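J.: My questions concern the predicted model and sequence given below.
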Amino acid sequence: MSLRPSSTKTAKSLHSHYKTKTTLKPSLFFLSSLVSIRNHQTLSFTNQPLPRPLRFRHHGILSVKCFGVADSHSKKLALPYTRSMQSFNYGRFAYRDVSSDESDYELGSSQKEMTGSTLDNADDWKWKLTKLLQSKDQQEVVSRERKDRRDFEHLSAMATRMGLHSRQYSRIVVFSKVPLPNYRPDLDDKRPQREVILPFGLQREVDAHLKSYVSKKPTSRGFFPPNSLSRSNNGGSMETGERIYARPELSVQNSVSMERILSRKSLQLRNQQEEWQESPEGQKMIEFRRSLPAYKEKDLLLKAISENQQIDACLQVIVVSGETGCGKTTQLPQYILEYEIEAARGAACSIICTQPRRISAMSVSERVAAERGEKLGESVGYKVRLEGMRGRDTRLLFCTTGILLRRLLLDRDLKGVTHVIVDEIHERGMNEDFLLIVLRDLLPRRPELRLILMSATLNADLFSSYFGGAPAIHIPGFTYPVRAHFLENLLEITEYRLTPYNQIDDYGQEKTWKMQKQAQAFKKRKSQIASSVEDVVEVADYKGYSSRTRESLSCWNPDSIGFNLIEHVLCHIIKKERPGAVLVFMTGWDDINSLKDQLQAHPILGDPRRVLLLACHGSMASSEQRLIFDKPEDGVRKIVLATNMAETSITINDVVFVVDCGKAKETSYDALNNTPCLLPSWISKAAARQRRGRAGRVQPGECYHLYPRSAYDAFADYQLPELLRTPLQSLCLQIKSLQLGSISEFLSRALQPPEPLSVQNAVDYLKVIGALDEHENLTVLGRHLSVLPVEPKLGKMLILGTIFNCLDPIMTVVAGLSVRDPFLIPFDKKDLAESAKAQFSARDCSDHLALVRAYNGWKDAERQQSGHEYCWKNFLSAQTLKAIDSLRKQFFSLLKDTGLVDKPSENCNSRSIDEHLMRAVICAGLFPGLCSVVNKEKSITLKTMEDGQVLLYSNSVNAGVPKIPYPWLVFNEKVKVNSVFLRDSTGVSDSVLLLFGGNIERGGLDGHLKMLGGYLDFFMKPTLGDMYLSLKRELEELIQNKLLDPKLDIQFHNELLMAIRLLVSEDQCEGRFVFGRQLPASSKKAEKAKNVAGQGMKRPLIRQNN
């Protein structure tokens, strides 16, 4: 029983009263103490035996410690007390809340338990946190006390008021000066630690090969430190892909003969241009070009470019903004080229115009060549990855931004280039922002170089100020008026009714079950995309609309793309609107495919006599992408399903109607937890205007926004730059390969610099894989990786596949990870598709090896002219397999250019059927993408270093299996949706991880090895630990020597290779996981000291046992 007397005196008198007036024996009941808080007191009695003083607690309430038993006839004492009996809400004590030094007993009330903090604990923590703030060395305070977990909510609020961060990790609470991640492996008592066991016979055989190899090594050979892969090599040279990324054939020379050649060539170009312009076809084209808004600004643009000759970086730059359809992308590069040719400088002119996407570079170059009356590859050409069209006379080259960055690897000063045009800078892609930093630093070295920045939005001032006040020119666009229909208007026009169930997007799962689940989830959970607009939508005024519309809006689901609503809108357009193509903006390839399947099943929308249904996505083949520009037959309406690439990068001239879902699937990056997040998000207002403008190119248009006007008002003005929302590993490697100095210092000069933790994560990653040394210098491996146009981890996989003579399958793996998954999962044949993929896996727990077998089968079928039948039977994408095939050819050519492949293809593949070796090379490339596998009776637990427990994507061959017979999975990527999911995984053994994973070093015990700074602990027999260390050292030395001398034949190191092959093929994973294994005290202190010294922005990886 709990009472709240008006004063301490009242409490004492009540106690005295009941000593005499009740049957309770005075000797068995007494007050031990009274504590007053905020002038409120609580007095509690119980007949339950209490072994020792018990502290009752509640914030702002008196706590009374007492011993005693009450009357056996009643568990609660009825006191003659006149105050409100709401005091019975206090005095409850839950077992899970008490600290380890308190009695685990609950007293009399069944009311809601108290959640506040005891005064003593709060004061104690206020002192601790104050000391933490005052300390220069201490970064955090960690507690395992139960009472601190009990009081965490109150203590966390106190820490927040003091400017500190707090988080609870299971039974541990942490207060820190810096933000805390979601998971701390050093505080996880159940973090897996591996006990490694090898059969004695296998260990003895491997050891014999190793000793034989070491005894035969030349004594003159240099010794490499344990991390030999990351040894710097700033001297020497290495062949690069100059044949693929060739420099311009012509450049300005001082010799008289070269001047004559250039003069003669310039006159030839001028004559050709004049001849075309005077022809009837040329006159018609000139008349059309003059009708474009850009023509009105032609003289102003050329004057600004030609007159800014001062050696002032800001006057070498022109910022051009122009609305969609004004002609800036096709006309401005032509104006410059025509001007230079007319001035007899055409031969010396070299213009590079970058585009953010392949399809843009190809389609724009084709259009410009046609406007000049030429074939593509003459004066106008293009270059994108895998293909290009350019010739000796090409003076205007359209290329992707990545192509220009690779050109800078070979020519830091862009010698011979006269003009650089960076288009679509408003998209703020990572490569574009990076290129702007490089070009801004280049301009003082190249005063004659002209830089033109083009944007489709009016935020030109941002770029102008970045270049010191560069002049800005705006080209007013001409588009026909476009009428915008937001959701409330759309519902009125189409008479469509929204319900919780018709907003469920069908992605091919069991539809009824999924509808129920998603509807329930929508009621219970509010996603980030919903919470960002819910407030403004709730207060919006819809009084002018019908009750039917208002009812629909009340159950609108912001998370839904709206497949059924899109279907209804398209039917409305076909039945009631005038002719014209329809452009539907979707979030990504999955949405496009799913919606396309749904529309094709519709009696009207799926009728090819009435509708031409096309898709547009960056991963599609060029030939398929070009179909969207063709006009359909009379009576057929073209519907294009596209991603945000159709906002500005391409123009489909016959579009009259736009359907805008209002979302785009973008990768964001959680630097604190080192995890990418792939979630649909609302587009910006600028993007919504761009989408709307696509409907007014040829006549007045209509745009159907599938969201309310109030939601649009809540959108951000502009999109967040990619540099701030993606991992930076590839970018950091490019910075070092271009010799641009300190990575962090260079990126600090960006238009909007990324946060330091993102940069540090990327640098740490490059050090772990051996691309950078401890001083951030590019290593030999890093130099090779920098010339390969793939992610660093995939480049490393290619290089090791070459060294270990299993190149062919590894090229397939890398190409497959560089494009879209070739395995298709049709919504109506999901089980059959998953069974087909499982057959390729052969139960070897590897998505990557399943891909290799699927590709090899397709190649065999292609030779027999049955490739399409093979793909149809096995649910494979022929388009994706063709892209993989093309990438493989490019990879082989690049590796030849680097000198790593200088022998016949069959010699590079002498071990291509050794799947154990392939598994080891895959591990070397994907590390540190690693998770532990703990098989339980009815489930499998997967844990990564940054996230703790994770899940597998459902389309993985490792998902849904009852047991994975490997202790580790290496994976290509992880993505946080709601939980963290791993994609494309392969099982590996302890031996594969120890030899082909990261650095290993001795721990605090005999036979104790550590990896990843102590996150991974391996325990084994001391002799086995010594063998792994020696073998790892010899292996890395061999790889280092091969990288330094690509002509080195590693087959002369057969004893070492034999030992490695034995381990990776014969390790049967007989070890086990152990948890919470204790290290010697001296070792713990040393590791803890090392952590404290190395803290800062990094999270500690060494496990601390407090």
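T.: Cool, the structure landed. Numbering: from 1, shown residues only.

J.: Who are the contact partners of Val533?
T.: Pro558, Trp682, Tyr707, Ser710, Ala711, Ala714 (Cβ atoms under 8 Å, 6 or more residues apart in numbering). Where C-beta positions appear, they are placed from N, C-alpha and C, glycine not excepted.

J.: If we only consider the residues you listed, which is nearest to Ala838?
T.: Of all those, the one sitting nearest Ala838 is Pro558; the distance, using Cβ to Cβ, is 36.7 Å.

J.: So for that closest one, what's the pLDDT?
T.: For Pro558, the model assigns a pLDDT of 88.

J.: do the same with Glu567
T.: Looking at Glu567, the pLDDT reads 93.

J.: Please report how far it lies from Leu724.
T.: 36 Å (Cβ to Cβ, to the nearest Å).

J.: Max pairwise distance over the contacts of Val533: which two?
T.: The span of the contacts of Val533, defined through Cβ to Cβ, is set by Trp682 and Ser710 at 12.6 Å.

J.: And the protein, what are its domain boundaries?
T.: Domain assignment for the chain by automatic domain parsing gives 2-97, 119-180, 190-233+781-1076, 258-475, 482-719, 727-766.

J.: okay if I get those domains as JSON lines plus distance to Glu774?
T.: Converted to JSON lines, the domains of the chain look like this (distance: least, Cβ to Cβ, whole Å):
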{"stretch": "domain 2-97", "distance to Glu774": "47"}
{"stretch": "domain 119-180", "distance to Glu774": "22"}
{"stretch": "domain 190-233+781-1076", "distance to Glu774": "8"}
{"stretch": "domain 258-475", "distance to Glu774": "24"}
{"stretch": "domain 482-719", "distance to Glu774": "20"}
{"stretch": "domain 727-766", "distance to Glu774": "10"}
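
J.: among those domains, where is the model least confident on average?
T.: Among those, domain 2-97 scores lowest, with a mean of 38.

J.: which residues touch the helix or strand where Gln283 lies?
T.: Assigned by DSSP states H and E, Gln283 belongs to helix 280-290. The contact list for helix 280-290 (Cβ under 8 Å, 6+ apart) reads Trp276, Gln277, Tyr295, Gly327, Gln331, Gln334, Glu371, Gly373.

J.: Farthest-apart pair in those residues, please.
T.: That would be Trp276 and Gly327, which, of those, are the farthest apart (Cβ to Cβ) at 18.8 Å.

J.: Neighbours of Gln752, how many?
T.: Using other Cβ atoms under 10 Å, Gln752 has 12 neighbouring residues.

J.: Now it. Nearest residue, chain neighbours left out?
T.: In this structure, Gln752 finds its nearest non-sequential neighbour in Pro721, 5.4 Å apart by Cβ to Cβ, 6 or more residues apart in numbering.

J.: so who does Leu672 touch?
T.: Contact analysis of Leu672 by Cβ under 8 Å, 6+ apart lists Pro179, Leu180, Pro181, Asn182, Leu757.

J.: Okay, it and Ala762: tell me how far apart.
T.: In terms of Cβ to Cβ, Leu672 sits 14 Å off from Ala762.
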